[in-house]
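A.B. asks: Model the following, please.
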Amino acid sequence: METQTRRIVTLAKEVGFCFGVKRAINLTDQALAEHKEVTILGDLVHNRRVTDALEAKGLRKIDEIADQDTGTMVIRAHGLPKLQIAEARDRGLEIIDATCPIVLRAQEAAQTLEGRGCQVVIIGDANHAEIKGVIGSLENPALVIDSLDELRAAKTSHRLRRKVGVIFQTTHALELCREIINELLFMCKEVQIINTICRPVQNRQDDAIDLAARVDLMLVVGSQTSANTVELAALCRCHNTHTLHIQNAEELFIEDFDWAEEIGVASGLSTPEDLVEGVHRKIADYTGPKIAQNKPHASRYVPVGAAH
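C.D. replies: Residues are numbered from 1 along each chain as shown. So this is what the prediction gives:
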């Protein structure tokens with residue numbers, strides 16, 4: 001008779017919504033309770049469960065500000081370019097600004113560097129909503145870089161100037177930015193840096209990395225469209241090749257973890273805590289034997305692609 005096996009499941013110190021996401025959801029819920037017509041340009045946060053719940057309460061997503069003439073518009077947690085906000089106000093819309101305060105500080109940092117005569121260089125994903133908002137807060141075009149190849153291409157095409165001011169996408173990992181910074185210091189005459197990486201994000205990343213290094217299997221829970229979750233999984237994968245990015249417990253199968261004895265669980269910033277708890281519970285409730293031969297090759301965990 002086979003002995004029942006209880007897996008050791010360790011949650012990261014902080015899972016579920018970050019402060020900025022909680023604030024954005026609370027502001028939107030309040031707007032929906034107080035106003036008849038509430039719209040939003042884009043998604044409030046990058047989690048379908050969250051956005052579906054808000055839309056069920058009456059939040060209406062629009063594609064263009066020109067699509068709305070009356071009512072209240074919520075600005076998403078990632079922010080919007082200032083011209084779009086001005087357009088909404090000019091059309092008479094009441095604005096509820098749910099932009100994360102840390103994202104607003106990144107916009108202000110970019111404006112400070114521009115005011116010093118620097119070419120603003122943003123280390124981050126040019127397609128991310130937050131970066132579009134930062135670019136839209138500036139008077140001059142910014143250079144967005146997310147790899148050494150992109151930086152070298154900018155240098156070769158003379159798009160990189162001699163005096164630059166650097167900020168970071170707030171959810172980026174400093175560990176993944178160091179090579180770009182080192183290369184910039186070599187290429188440019190003057191480099192000014194304002195660290196706009198969110199400290200709570202950095203703490204979560206450091207904790208998840210530490211946990212990943214100590215367990216057999218690392219699970220990162222969050223939407224495939226959440227850039228910070230995709231990046232967190234990539235960071236964990238650097239320290240534990242057996243790292244799996246899942247959106248919920250339904251995407252976790254018994255054979256994914258029955259070979260492991262110790263399992264770590266972390267989450268993205270916009271992942272509801274109950275989704276993390278569902279993953280935890282599914283593993284904790286399983287008492288089947290450890291099946292070593294089910295341990296997959298690390299290539300099983302290669303991501304299908306980065307999300308924006």
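A.B. asks: Any buried residues in stretch 116-129, and which?
C.D. replies: Of the residues in stretch 116-129, C118, Q119, V120, V121, I122, I123, G124, D125, A126, H128, A129 count as buried by neighbour count, 16 or more other Cβ atoms under 10 Å. Backbone N, C-alpha and C define where each C-beta goes, glycine included.
A.B. asks: with the residues you listed in mind, which one is nearest to H242?
C.D. replies: When those are compared for distance to H242 (Cβ to Cβ), D125 wins out at 25.9 Å.
A.B. asks: in the protein, which spans are helices?
C.D. replies: 19-34, 48-56, 82-90, 101-115, 129-135, 148-156, 178-187, 199-212, 227-239, 254-257, 273-284 (DSSP state H).
A.B. asks: thinking in terms of the whole chain, how far from its middle is the last one?
C.D. replies: Centroid separation between helix 273-284 and its chain, computed with Cα atoms, centre = their mean, to the nearest Å, is 21 Å.
A.B. asks: For that helix, give the mean pLDDT please.
C.D. replies: For helix 273-284, the mean pLDDT works out to 96.
A.B. asks: which secondary structure elements does that helix contact?
C.D. replies: For helix 273-284, the packing partners by 3 or more Cβ pairs under 8 Å, 6 or more residues apart in numbering; DSSP states H and E come out as strand 8-11, strand 217-221, strand 262-267.
A.B. asks: wait, what's in contact with M73?
C.D. replies: V38, T39, I40, L41, I65, A88, L93, E94, I95, I96 (Cβ atoms under 8 Å, 6 or more residues apart in numbering).
A.B. asks: Format the helices and strands packed on helix 273-284 as JSON lines; extra columns: mean neighbour count and distance to R199.
C.D. replies: Compiled in JSON lines, those are given as follows (neighbours: other Cβ atoms under 10 Å; distance: least, Cβ to Cβ, whole Å):
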{"stretch": "strand 8-11", "mean neighbour count": "16", "distance to R199": "20"}
{"stretch": "strand 217-221", "mean neighbour count": "28", "distance to R199": "20"}
{"stretch": "strand 262-267", "mean neighbour count": "24", "distance to R199": "17"}
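A.B. asks: That concludes my questions; thank you for your assistance.
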